[in-house]
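K.L.:
no sequence on this one, just coordinates:
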């Protein structure tokens with residue numbers, strides 16, 4: 001019933017459908033487990049699934065929302081940057097990026113190793129004490145860093161204990 005109210009398939013919908021199909025095909029054919037896919041065109045480990053997602057995800061900002069072969073055609077992108085920037089939660093990506101940067105900084109400065117060596121007294125302690133110390137250290141870390149950074153810092157530390 002509501003399907004008929006949708007109207008005919010528009011140029012914009014055709015374009016987005018084609019982009020989706022191309023993205024799925026590129027993901028599936030990038031690397032086969034038994035043989036090489038299209039990624040062999042590039043340097044080793046240069047192309048990932050994220051590369052495909054970024055490429056296809058940026059195309060709606062460029063491709064026209066109407067058939068360019070029609071009369072009186074005027075260019076408008078499928079998705080305008082102003083619309084995307086208003087309705088997209090950029091803060092989540094900034095928080096994730098900052099968390100990964102802080103975690104990498106801890107690893108590069110060997111602060112993770114220093115923390116792990118200061119917690120070695122806990123090895124062999126009762127499990128309840130270990131859990132209590134991990135909770136306290138995690139609570140302290142989350143006061144200064146994001147949860148992503150806390151996980152990135154503490155997982156290597158806890159793995160070495």
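P.N.:
Thanks, I have it. Computed from a predicted model, the values in this text were never measured in an experiment. Numbers count the residues shown, from 1 in each chain.

K.L.:
where along the chain do the helices fall?
P.N.:
Counting by DSSP state H, the chain has these helices, from start to end: 2-5, 11-29, 49-58, 81-87, 90-108, 111-118, 127-144, 147-160.

K.L.:
Turn these into TSV, including mean neighbour count and distance to residue 64.
P.N.:
(Glycine included, C-beta is placed from N, CA and C.) Shown next, in TSV, are the helices of the chain (neighbours: other Cβ atoms under 10 Å; distance: least, Cβ to Cβ, whole Å):
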stretch	mean neighbour count	distance to residue 64
helix 2-5	6	26
helix 11-29	14	8
helix 49-58	13	15
helix 81-87	9	15
helix 90-108	14	26
helix 111-118	15	50
helix 127-144	12	47
helix 147-160	17	38
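
K.L.:
Could you point out which of those sits nearest residue 74?
P.N.:
When these are compared for distance to residue 74 using Cβ to Cβ, the nearest one is helix 11-29, at 12.8 Å.

K.L.:
Average pLDDT for that closest one, rounded please.
P.N.:
The pLDDT scores in helix 11-29 average 94.

K.L.:
quick one: low-confidence parts of this protein?
P.N.:
Counting by pLDDT under 70, the chain has low-confidence residues at 1, 160-161.
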